[in-house]
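[1] Provide a 3D model corresponding to the input given below.
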Amino acid sequence: MTHAMNQYQILSRLLLYPEPELIAHLPQLEAALAAMPEQLALLQPLLAHLESSSLIDLQQQYVATFDRNPSHSLHLFEHIHGESRDRGQAMVDLLAEYSRHGLQMVGDDLPDYVPLFLEFLSQQEPGEAERLLGDAIHVLAYIGRKLAANGSAYASVFGLLQTLTPVQAAQFLKTLALPP
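    Coordinates of the predicted model:
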């Protein structure tokens, strides 16, 4: 598995709800990132945050950050379509994309859940992963900007994602009709 593939898996795990297993595996995640010093440096704020807080504090902060703040939602299409019917069609289209690449979803996650999308990218050839990331980078960068504006260490994941594609994320929300 290439470094880029490992990167997507690491980023996916770092965006999951903090469980004891994640905290226990932080040294392994950091060790995997050691071969990628620039990425490790970008993620250091989040890694330090995860290592220095109690599990209950991490879980409460996670819920406050991602579940209670719609502008930080980890569901890609929520930022574009909200709860409209268009979101449903976008989900169907994304499921078809996953299926074309051999991914069969299991579990309760919606297909536009960012950690699932990153896990999907980890299973692709590097060029295809880069192309697919480029398709989503505008929304991912938007989430990252919102997180950074609120001082969240999770913003570092989204900052790193922007370095993994040559596509420059749109800076203006009206470009994508995203809520301010």
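
[2] if we ignore the residues flanking it in sequence, what's nearest the residue nearest the centre of the chain?
    Centroid-nearest residue in the chain, with C-alpha atoms, centre = their mean: V114, separated by 4.3 Å. Residue nearest to V114 in three dimensions, not counting chain neighbours: L74, with 4.4 Å by C-beta to C-beta, 6 or more residues apart in numbering. C-beta coordinates here come from the backbone N, C-alpha and C atoms, glycine included.

[3] need the contact list for the one you found.
    The neighbourhood of L74, defined by C-beta atoms under 8 Å, 6 or more residues apart in numbering, consists of 15, 66, 113-115, 143.

[4] got it, and S152?
    Going by C-beta under 8 Å, 6+ apart, S152 touches 65, 72.

[5] helix, strand or coil: sort out it for me.
    Assigned state for S152: coil (three-state reduction, DSSP: H, G, I helix; E, B strand; the rest coil).

[6] thinking again about what came up before, distance to Q123, secondary structure and pLDDT added to the contacts of L74, as a markdown table?
    Output for those, formatted as a markdown table (distance: C-beta to C-beta, whole Å; DSSP: H, G, I helix; E, B strand; the rest coil; pLDDT from 0 to 100):
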| residue | distance to Q123 | secondary structure | pLDDT |
| --- | --- | --- | --- |
| L15 | 17 | coil | 97 |
| F66 | 24 | helix | 96 |
| Y113 | 15 | strand | 87 |
| V114 | 15 | helix | 94 |
| P115 | 13 | helix | 93 |
| I143 | 22 | helix | 94 |
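
[7] turn the residues you listed into a markdown table, columns for distance to R100.
    What follows is the contacts of L74, written out as a markdown table (distance: C-beta to C-beta, whole Å):
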| residue | distance to R100 |
| --- | --- |
| L15 | 24 |
| F66 | 29 |
| Y113 | 19 |
| V114 | 20 |
| P115 | 21 |
| I143 | 25 |
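
[8] so how far is stretch 127-141 off the chain centroid?
    Stretch 127-141 sits 11 Å away from the centroid of its parent chain (C-alpha atoms, centre = their mean, to the nearest Å).

[9] ignore what I typed, I meant stretch 13-29.
    Counting by C-alpha atoms, centre = their mean, stretch 13-29 is centred 14 Å from the centre of its parent chain.

[10] and the residue nearest to V114, what pLDDT?
    We have a pLDDT of 93 for L74.

[11] cool, and Q123?
    Looking at Q123, its pLDDT is 88.

[12] that one against H101, yeah?
    Yes. Using C-beta atoms under 8 Å, Q123 is in contact with H101, at 7.3 Å.

[13] which of the helices and strands in this structure ranks last by mean pLDDT?
    Here the helix or strand of the chain ranked lowest by mean pLDDT, DSSP states H and E is helix 173-176, holding a mean of 47.
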